[in-house]
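>>> heads up, no residue letters with this:
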């Protein structure tokens, strides 16, 4: 049995299709198909079945996942045994939400790349809830995200930093517009937010508790787009302080006072408790804990 067949099997599960796995592995799609046929013959089971136009994992395939994971991890252990960082090989899959990836992670990613150049690093940007699910089902090795809880007994969550969140708006807003403390208000303002983010949920709960009703909401997935619209007085936003520090210092936008009890949100690095902690995972986690972010508005835990 060739280990590359098992790696191809995992790539199909992680990418969601034979075609995407072929693109990820730089194979022809016919190669993916031939490898899976060969693996099915060696294992004497049907791993995938065609439903409509899609290939779906069979029940037998699902049952083999833990064993295939074990073989791949065992091979990685052998390959990395006794090696230093420069000699580390294999893959490391990390999922990170957009704000942390764009504003807090570049320095860490650069150091990891310099220290472990032979490790294939795959970065996935997603919201915290999806990342938690990806860690739980083994789609990624590590999740670096805001602490949303709900990890149960299957996920290990190592604490990293706390970050401050602030409500921001245009400098053109008047005193009535920036009153987000008085209860029972209706405001002709638009909330600009990534509605899949955990901090959107926190701010919506605050508005509901205060009975502050906004005229509208716009769902955006880009922090930079949100900031640009805030500058043009097209809405308000609730964001991590580190994403808008420069704009606040230069009076391009303004902070809007609130009575939110907990403006600080913790971040964690999560991984499945049954997953072997590869040397690459240990190095990445070490860098996360060692490097203090140079941006203000954060507290080390």
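It's in. What you see is a predicted model, and the numbers here were worked out from it, not measured in a lab.
>>> Surely residue 77 is in a strand?
No: Residue 77 is assigned helix when assessed by DSSP: H, G, I helix; E, B strand; the rest coil, not a strand.
>>> Find the centremost residue of this protein, please.
residue 96 (2.5 Å; Cα atoms, centre = their mean).
>>> Just list the residues touching that one, thanks.
Listed by Cβ atoms under 8 Å, 6 or more residues apart in numbering, the contact set of residue 96 reads 105, 123, 124, 125, 126, 131, 143, 144, 145. Glycine gets a C-beta too; all of them are placed from N, C-alpha and C.
>>> The second one is in what secondary structure piece?
Secondary structure from DSSP states H and E places residue 123 in strand 120-125.
>>> Name the residues that touch that strand?
With Cβ under 8 Å, 6+ apart as the test, strand 120-125 has contacts from 90-98, 101, 109, 112-113, 131, 134, 140.
>>> did I read that right, residue 237 in a strand?
Yes: counting by three-state DSSP, residue 237 is part of a strand.
>>> need the contact list for it.
Neighbours of residue 237 in contact, by Cβ under 8 Å, 6+ apart: 167, 168, 169, 191, 192, 193, 226, 227, 229, 230.
>>> mind running it again at 6 Å?
Applying Cβ atoms under 6 Å, 6 or more residues apart in numbering to residue 237 gives the contacts 168, 192, 226, 230.
>>> Report pLDDT for it.
On pLDDT, residue 237 comes in at 97.
>>> before we move on, what about residue 294?
For residue 294, pLDDT reads 43.
>>> change the start of the numbering to 15 and stick with it
Okay, using 15 as the starting number, the last item reads as residue 308.
>>> Quick check: helices, which of the contacts of residue 251 are part of them?
Judged by DSSP state H, the subset of the contacts of residue 251 located in helices is 240, 244.
>>> what pLDDT, on average, does stretch 154-171 get?
On average, stretch 154-171 scores 94.
>>> what does stretch 81-101 give?
72.
>>> Show me which of the contacts of strand 134-139 are buried.
Among the contacts of strand 134-139, those buried by neighbour count (16 or more other Cβ atoms under 10 Å) are 104-112, 115, 123, 126, 145, 148, 154.
>>> And the average pLDDT for the strand holding residue 137 is what?
Over the span of strand 134-139, the pLDDT mean works out to 92.
>>> Parallel or antiparallel, which strands does it pair with?
Taking DSSP bridges as the criterion, strand 134-139 pairs within the sheet with strand 105-110 (parallel).
>>> what does whichever helix or strand comes after the strand it pairs with rub up against?
Downstream of strand 105-110, the first helix or strand assigned by DSSP H and E is helix 112-117. Contact with helix 112-117 is made by 139, 237, 254, 256, 257, as judged by Cβ under 6 Å, 6+ apart.
>>> Buried only: go through the residues you listed for me.
Among those, those scoring as buried are 237, 254, 256, 257 (criterion: 16+ other Cβ under 10 Å).
>>> Tell me the spacing between the third one and residue 181.
It stands for residue 256. Remark: distance between residue 256 and residue 181 (Cβ to Cβ, to the nearest Å) = 15 Å.
>>> The second one too?
Counting by Cβ to Cβ, the gap between residue 254 and residue 181 amounts to 12 Å.
>>> related to what we said a few turns ago, which pair of the buried ones among the contacts of strand 134-139 spans the longest distance?
With Cβ to Cβ as the measure, no two of the buried ones among the contacts of strand 134-139 lie farther apart than 104 and 112, at 26.2 Å.
>>> pLDDT score for residue 43?
Per-residue pLDDT puts residue 43 at 89.
>>> Run through the residues that contact it.
32, 33, 36.
>>> cool, and residue 125?
residue 301.
>>> same thing with residue 180?
With contacts defined as Cβ under 6 Å, 6+ apart, the neighbours of residue 180 are 255, 269.
>>> where along this structure do the strands fall?
Applying DSSP state E to the chain gives strands spanning 62-65, 68-71, 105-110, 134-139, 156-160, 169-184, 199-207, 226-233, 251-254, 267-270, 278-286, 312-314.
>>> right, so of those, which gets closest to residue 80?
Residue 80 sits nearest to strand 278-286 of all the strands of the chain, at 11.3 Å, using Cβ to Cβ.
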